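[1] Could you look at this predicted model? Sequence included:
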Amino acid sequence: MAKAYWITCYRAISNQDKLQAYAKLAGPAIAAAGGRFLVRGTPAKVYEHGLAQRTVITEWDSVQAAIAGHDSPGYQEALRALGDAAERDVRVVEGA
């Protein structure tokens, strides 16, 4: 079975305090659901229409595990803490 990846690209962050509250909840929730962080930070360089904003990539054992992790109660609690503090593009992509 192919692994899956959450790719989260931030477009804008309007409230750092809410982002920090989200991060405190999201990290443990993702790990508890089986996700592994591969990338967390700002891009070293962007091209085309890329934005120099925070990017996070997590690895999962499958697409189903990634979706279940997103939909888990722990991660949903983290999303409530984030609220409207950030505009993001979140994708679940199956690995090659």
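    Noted; the coordinates are in hand.
[2] rest of the way, CA atoms for contacts and neighbours
    Fine.
[3] Now do the closest residue to E94 other than its chain neighbours, the pLDDT please.
    Once flanking residues are discounted, E94 sits nearest to A4: 4.3 Å by CA to CA, 6 or more residues apart in numbering. Per-residue pLDDT puts A4 at 98.
[4] residues touching A4, list them.
    E59, W60, D61, S62, V63, A66, V92, V93, E94, G95 (CA atoms under 8 Å, 6 or more residues apart in numbering).
[5] A52 too?
    Per CA under 8 Å, 6+ apart, neighbours of A52: T42, P43, K45, V46.
[6] repeat that for 10 Å
    Contact analysis of A52 by CA atoms under 10 Å, 6 or more residues apart in numbering lists C9, Y10, R11, A12, G41, T42, P43, A44, K45, V46.
[7] same deal with I67?
    With CA under 10 Å, 6+ apart, I67 has these contacts: A4, W6, A33, W60, V92.
[8] Okay, buried residues for the host helix or strand of K24 please.
    Secondary structure assigned from DSSP states H and E places K24 in helix 16-32. Buried residues in helix 16-32, counted by 16 or more other CA atoms under 10 Å: K18, L19, Y22, A23, L25, A26, G27, A29, I30.
[9] Quick check: of those, which lies closest to L51?
    Among the buried residues of helix 16-32, L19 lies closest to L51 (CA to CA), at 17.9 Å.
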